[in-house]
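Trainee: give the three-dimensional model of this entry:
(3 chains)
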Amino acid sequence: MRRGPSVFNVTAVALGLAFLYLPIVILVIYSFNASRLVTVWGGWSVRWYVALWNDTAMLEAAWISLRIAALSATVATVLGTLAAVALVRAGRFRGRAVFSAMVYAPLVMPEVITGLSLLLLFVAVDLDRGFWTVTIAHTTLTLCFVTVVVQARLLSFDRSLEEAAMDLGCPPLKTFFVITLPLIFPAIAAGWLLAFTLSLDDLVIASFTTGPGASTLPIRIYSEVRLGVKPQINAICTIMIALVALIVVVAALLAKRSELAPARQVARGA
Amino acid sequence: MSAPPPAPQPGPQSGPQPAPAPRRAFGMRLLVLIPALWLALFFVAPFLIVLKISLSQTVIAQPPYAPVLDPAGGLPALREFVAGLSLDNYALLVTDALYVTSYLRSLAMAAGSTLLLLLIGYPIAYGIARSPRRIQPVLVIAVFLPFLTAFLIRIYAWVNILQREGLLNEVLLALGLVREPLALLSTDAAIVIGLVYSYLPFMVLPLYASLERMDDSLLEAAADLGCPAWKAFWLVTVPLSMPGVTAGALLCFIPIVGEFVVPDLLGGSGAMMIGQTLWVEFFSNKDWPVASALAVALLAILLAPIVIHQHLQSRTLGGG
Amino acid sequence: MLSHSPRAISVAGMANGNFEQRTGGAARIFAPWKDPAVRPLLRIEAVTKRFGEAEAVSQLSLDIYEREFFALLGPSGCGKTTLLRMLAGFDQPSAGRILLDGNDLAGVPPHRRPVNMMFQNYALFPHLTVEGNIAFGLRQDRLPKAEIAARVADMLALVRLEGFGARRPHQLSGGQRQRVALARALAKRPRVLLLDEPLSALDRKLREDTGFELMELQDKLGLTFIVVTHDQEEAMMLADRIGVMNAGTLAQVATPAEIYEQPNSRWVADFIGDVNLIEGRVVSAGLGEAVIDSRAGGRLRVAQNVDAPVGATVWLALRPEKIEIAAREPAAFDANRLIGQVHDIGYLGDVSILRVRLDSGFEIKAAVANRTRLIERPIGIGDRVWLSWAPEAGVVLTQ
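Mentor: You can find the predicted model right below:
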C-alpha cells in the first residue's frame, strides 16, 4: 500500500480526523467561554476553572477516579502481561482454549453485563461496595486490553536475543527480566496507559460496583449532565484531555528517543 | 581419510529425552494460574451468579432477591433453594413486548451502526494505508488518541453540538441551510452519530492493520493483466481485507448491542436499547432478577458472534 | 558454485597450503584426525533429531578436534543448523549423545555449556552499549569488575573496535556489528565457538577480508571454531575440515582439497564446484590403474585403484579446469582424448567455460583460463576441438 494517496484518500482521512477531533476542540474552546450559554460567545475567561476549583465534590470525584485508575491499571498490567506471556510462550497447555476465552471475552462483552455480574458477586460474598470494588472491577475489565497490546509485541519479539543471552550464561528466568522485559517495556507502558484511560473513563461498571462515598468522576459528570449543561464540566473535561494528551506526547517522545520500539507497533498492538 | 569416526562404543544408552527442568514447567503453570484465577473469580464466577439470580424473584429485603442459599443449612436448605428457582423472569421477557422490542431495536441499531462504521471507516483506513510510510504511525495514533480521552466527555461534547441551541444548528442557521433549529438531540440519528463517533477507532484500526499488510505487487500484477484500478479494488483489495472487516465488525457490533451511555445521553424518551432497559430495571425498578434475566438473554443472543470473535482472535494472535 | 576466478582457483590451492603456512612453514601438518592418540574435543554420537514425523538429523556421528576450524556445509534443509542448535543446547537430540571433553551434554541447558555462538543476525542487545554487550557473558559469571573491564578492552582491541565501547548497536555499521557479536562470543573464551553463517550478510569484498580475519583470530587464540554455511567458498576458505551434509546425514568429512579432488560420491562431486560425470563400465582394474568403457565415447584410462568388479557401472568425475582443449590432436600418448564441437562459450573474464558436444552426443564442460588479452579468442563456437586429460586428472566414483 505504498502508491501514494489520491485526493479521495486524503479527503477521507482529513474528514475522519476532523470528525473525531471536532467535539474535543469545541469542548476545549467552550471551557474558556465567559458566557454559560453555548450560543453566546462571551469572550475568553477562566471563570469556569475557578468555579471548578471551588467545586469540591467534583474535585474529590476526580481524585478518586485518578487513584482507582492508577491502581487498577497497575494490577491489570501485571496480570495482563502474565497472561500475554502465558499465551505466547507456554505452548499448548491443557485448558488453553478456555484460558484464552476468559482473557479475551471482556474485550467485547457489553459493560452492563460485566457490571451487573460483578455487583452480584460482591453482594453474594457480602463485600462492601466502594473504592476497592470499583478497583477490582476495573482491573478485570482492562486486563484483556493490556494482554492484546503485550501479546502483539511478544509475537514480533526477536527470540534470538533471548537465545544469545542464554548462550552467554544467563539462566532463562533472568533472561526474561534482563533482556525481554526491558525491550517490550514500551508495549507494557502502552498497556498501562490504555488501562488507565479506560478506567478513568468508565461509567457503567463503576455505577454498578460503587458504593457510598466513592463517586468517580464519570458518575459525577453523568449525574450533573442529566440536570443540564454545566460549564464546569467543560473545564474538568479539558483538564482531563490535556492530562492524557500530555502523557501520550511524553511517552511518544521518550519512545522516539530511546529508539527501542516504533510507535506503529504500539498502535498496531492496540 | 574421509571415513566417519568409529562407531560409538556400547555403554550408557542414548536414552530417553531429558525432561525439561521441573522448575521450568512449574514456572509456566504459575504464569497461567495467576491471571486465570483472577479471571475465574471475577469474570466467570459472577456469570454463574447472574444466572442464579435470573432464576429468582424480587423481594423487599436485603439482598433484594429470593431464594438465598444458606450454606449452613445443609441438604434440606439446598433442596428448598432449588425449589424456589423458576423461569418466571424469562417468561416475562418473552411475553412482554417492551423487552422484545428492546432487544430487536438494539440489534437493529447495532447492525446499522456497524454498517455505517464500515462505510465511513474503510475510506479512512484505506487512506492511512496509502499515505507515505513515515506518517502512517502518526495518523494511526491520531485516530486512536480520542479513544484515550474520556468517552463520557466526548459524548457529552456531542450534546453540546447537537442540542437546539448547539453548534450545529448555529452553523446551519448562519449558512441559511435551515430556517429554524433542527431537533437533532434525542433522536435515533443522534444515537447513531454518537455510536459511530465512539467506535470509529475500533473499526479503523483492524481495517488498517489488514490493509497495511497487503502486498503492493498484487495490485501491480492486476494492472499488468489488464484490470483497471477501480475494478482491482473490488477484486483484489476488498477480498484480501476481509479479515480486517470481520474483526472490526465484530469488535463494534457486539459491544454496541449492549451500549448504555450513548443512547442514554443522546437518545430520546422513546423505545430504549437493551443496555438502558437493563439499567432501568436495576437502578430504577430495583428488580435484580429481571435485570439478571435480561443480561443472560443478551449474552445468549451475543454468544455466536462472541465465539466467532474468540476463534478469530486465537487464530491471528498466536495460536500456540 | 565455485566461481572460476583466479582467487577461487588459488583458494583451492591455498587449502592445501593452509595448514603448512599456519604451522610456520615447518613440515608439521595440522591433522589431529589422523592421529589415533588424540582424543576429539567434541564427539557427536549417532545423533538423531525428529520434528514430528520428519528426521532433520539422522544417526549423525562426527568427531571434532581441538584447535580445528570445522565447517558444516550443505544445502538449505540439510539439517546443519539443527545440528548447530543441538550443540549450543537450544534443541535436544531425539536420540544419540553429544560429548564435550568426554562429558555428556544431555540435559545441560545452554546457559551452562562452555559453548558460545555467534548468531547469523548477530542478536546484539539493542538496549545495551557495545561494552555492555561484550561484558554480558562475563557478568553472568560474576567476575570482578576490574577483570571484566580488562577483558572487554582486550576484546575491543582484538576486533579492532577500540573507542566504540559506548556506542549502541543501532549506531554501528553491519560489519562493526558483526565484530561486536564476535567479541561478545569470544569474551568468555569458550571451548567451542559456533558460527552461524558468519559471512552471508556481508558483501563480496568484505566477505573475503572478514574470512581471513576469522582464520587469523582462530589461529591466534587457539580456539575450536565450528562454522555452519551453505556457501562453498566460505567453507573451503575457512575450514581445516569440511563436513558436507545432505538430508540429515554426513556425505563426506575431509579437508577442502580432499573433498574437491577426492569426492566420495556423485552427490558430493556435484555439490562442490563444477564437475563432469561420465558414466561407464569397468573394463579392467589393476594396481593403481583401470580402464573404463565410457558413454562419452571410447575407453578412458584412470590412474587409481578402482574397487569394483569388471562390468560394474562407475562414474568418472572430471573437473572442467583439468581438461585441455586444442584444435589439434594432443601429443601425450597416455592422455585420454575425445573429439567434439564447441556448442556454447560462457565468457567470465578470467576463465571461459566451453560446452563441447562430443560425437557421441555427450556434453562436456571444460574451463580455459584466459591467459592472454586477446578479445577474439582462438577457439569459437562451432569449432571442432580435441579434449584431453591425464589419467590422474579424474577420479572414479562407485556411488
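Trainee: flag every residue of the stretch 1-150 of chain C that's near chain A.
Mentor: Within the stretch 1-150 of chain C, the positions near chain A by Cβ under 8 Å from any Cβ of the partner chain are C:88-90, C:109-112, C:115-117, C:119, C:121, C:123-127, C:136-137, C:140-141. For the C-beta atoms, the positions are set from N, CA and C on the backbone; glycine is no exception.
Trainee: emit the ChimeraX select command for whichever of those residues are buried.
Mentor: Selection of the buried residues among the residues of the stretch 1-150 of chain C next to chain A in ChimeraX, burial being defined by 16 or more other Cβ atoms under 10 Å in any protein chain shown:
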select /C:88,89,90,109,110,111,115,116,117,119,123,124,125,126,127,136,137,140
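Trainee: in strands, which of the residues of the stretch 1-150 of chain C next to chain A appear?
Mentor: Among the residues of the stretch 1-150 of chain C next to chain A, the members falling in strands (DSSP state E) are C:115-117.
Trainee: reformat the residues you listed as CSV; add distance to chain B and pLDDT.
Mentor: Output for these, formatted as CSV (distance: Cβ to the nearest Cβ, whole Å; pLDDT from 0 to 100):
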residue, distance to chain B, pLDDT
C:115, 17, 93
C:116, 21, 94
C:117, 20, 93
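Trainee: helix or strand with the lowest mean pLDDT in chain C?
Mentor: Per-element confidence for chain C was summarised using mean pLDDT, DSSP states H and E. The lowest value among helices and strands belongs to helix C:6-22, with a mean of 42.
Trainee: what's around residue A:45, how many residues?
Mentor: 14 (other Cβ atoms under 10 Å in any protein chain shown).
Trainee: check contacts around the nearest residue to it once chain neighbours are set aside.
Mentor: Setting aside the residues directly before and after it, residue A:45 is nearest to residue A:34 in space (Cβ to Cβ, 6 or more residues apart in numbering or on different chains), at 3.6 Å. Neighbouring residues of residue A:34 by Cβ atoms under 8 Å, 6 or more residues apart in numbering or on different chains: A:42-45, A:47.
Trainee: make it 6 Å
Mentor: The contact partners of residue A:34, by Cβ atoms under 6 Å, 6 or more residues apart in numbering or on different chains, come to A:42-43, A:45.
Trainee: again with residue B:142
Mentor: In this structure, residue B:142 makes contact with residue A:17, judged by Cβ under 6 Å, 6+ apart.
Trainee: check the one 10 residues further on too.
Mentor: Residue B:152 makes contact with A:203, A:218, A:221, according to Cβ under 6 Å, 6+ apart.
Trainee: may I see these arranged in TSV, with neighbour count and pLDDT as well?
Mentor: Rendered in TSV, the data for the contacts of residue B:152 read as follows (neighbours: other Cβ atoms under 10 Å in any protein chain shown; pLDDT from 0 to 100):
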residue	neighbour count	pLDDT
A:203	23	90
A:218	25	89
A:221	25	84
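Trainee: mind checking if the top helix by length along chain A is in reach of chain B?
Mentor: The helix spanning the most residues in chain A, taking DSSP state H as the definition, is helix A:56-89. Yes - figure legend: helix A:56-89 in contact with chain B (Cβ under 6 Å from any Cβ of the partner chain); contacting residues A:79, A:82-83, A:85-86, A:88.
Trainee: ok, of the contacts of residue A:34, which one's closest to chain B?
Mentor: residue A:42 (14.1 Å; Cβ to the nearest Cβ).
Trainee: next one: the closest residue to residue C:121 other than its chain neighbours from residue A:224, what distance?
Mentor: Taking Cβ to Cβ, 6+ apart, and ignoring the residues beside it in sequence, residue C:121 has residue A:160 as its nearest neighbour in space, at 5.9 Å. Residue A:160 sits 56 Å away from residue A:224, taking Cβ to Cβ, to the nearest Å as the criterion.
Trainee: what's the answer for residue B:31, then?
Mentor: Computed as Cβ to Cβ, the residue B:31 to residue A:224 distance reads 44 Å.
Trainee: same question for residue C:254.
Mentor: Applying Cβ to Cβ, the value for residue C:254 to residue A:224 is 87 Å.
Trainee: that older thread, elements contacting the following helix or strand past the least confident helix or strand of chain C?
Mentor: Along the chain past helix C:6-22, the next helix or strand (assigned with DSSP states H and E) turns out to be strand C:42-51. Applying 3 or more Cβ pairs under 6 Å, 6 or more residues apart in numbering or on different chains; DSSP states H and E, we find strand C:42-51 packed against strand C:54-64, strand C:95-100.
Trainee: show me which residues of the stretch 51-200 of chain A sit near chain C.
Mentor: Contact residues, the stretch 51-200 of chain A versus chain C (Cβ under 6 Å from any Cβ): A:160-161, A:163-164, A:166-171, A:182.
Trainee: give me phi/psi at residue C:363?
Mentor: phi -110, psi 140 (degrees, to the nearest 10).
Trainee: make sure I have this right: residue C:387 is in a helix.
Mentor: No - if the criterion is DSSP: H, G, I helix; E, B strand; the rest coil, then residue C:387 is strand and not within a helix.
Trainee: look up how far chain B lies from it.
Mentor: 29 Å (Cβ to the nearest Cβ, to the nearest Å).
Trainee: is it correct that that residue is in contact with residue C:324?
Mentor: No - Residue C:387 lies out of contact with residue C:324 (Cβ atoms under 6 Å); the separation is 7.2 Å.
Trainee: who's more crowded, the two?
Mentor: Neighbours were counted for residue C:387 and for residue C:324 using other Cβ under 10 Å; residue C:387 has more, 23 against 17.
Trainee: and that one, what does it touch?
Mentor: Counting by Cβ under 6 Å, 6+ apart, the residues that residue C:387 touches are C:323, C:338.
Trainee: identify the bridge partners of it.
Mentor: In this structure, residue C:387 has beta-bridge partners residue C:325, residue C:338, where bridges are defined by DSSP bridges.
Trainee: how much space between it and chain A?
Mentor: 50 Å.
Trainee: most residues in a single helix of chain B, which one?
Mentor: Using DSSP H to assign secondary structure, the helix with the most residues in chain B is helix B:97-130.
Trainee: helix or strand: which one has residue C:209?
Mentor: Mapping residue C:209 onto the secondary structure by DSSP H and E places it in helix C:204-221.
Trainee: buried sites along whichever strand or helix holds residue B:168?
Mentor: Taking DSSP H and E as the criterion, residue B:168 maps to helix B:167-174. Buried residues in helix B:167-174, defined by neighbour count with 16+ other Cβ under 10 Å: B:167-169, B:172.
Trainee: same question for stretch C:161-180.
Mentor: Judged by neighbour count using 16+ other Cβ under 10 Å, the buried positions of stretch C:161-180 are C:161, C:164-165, C:168-169, C:172, C:176-180.
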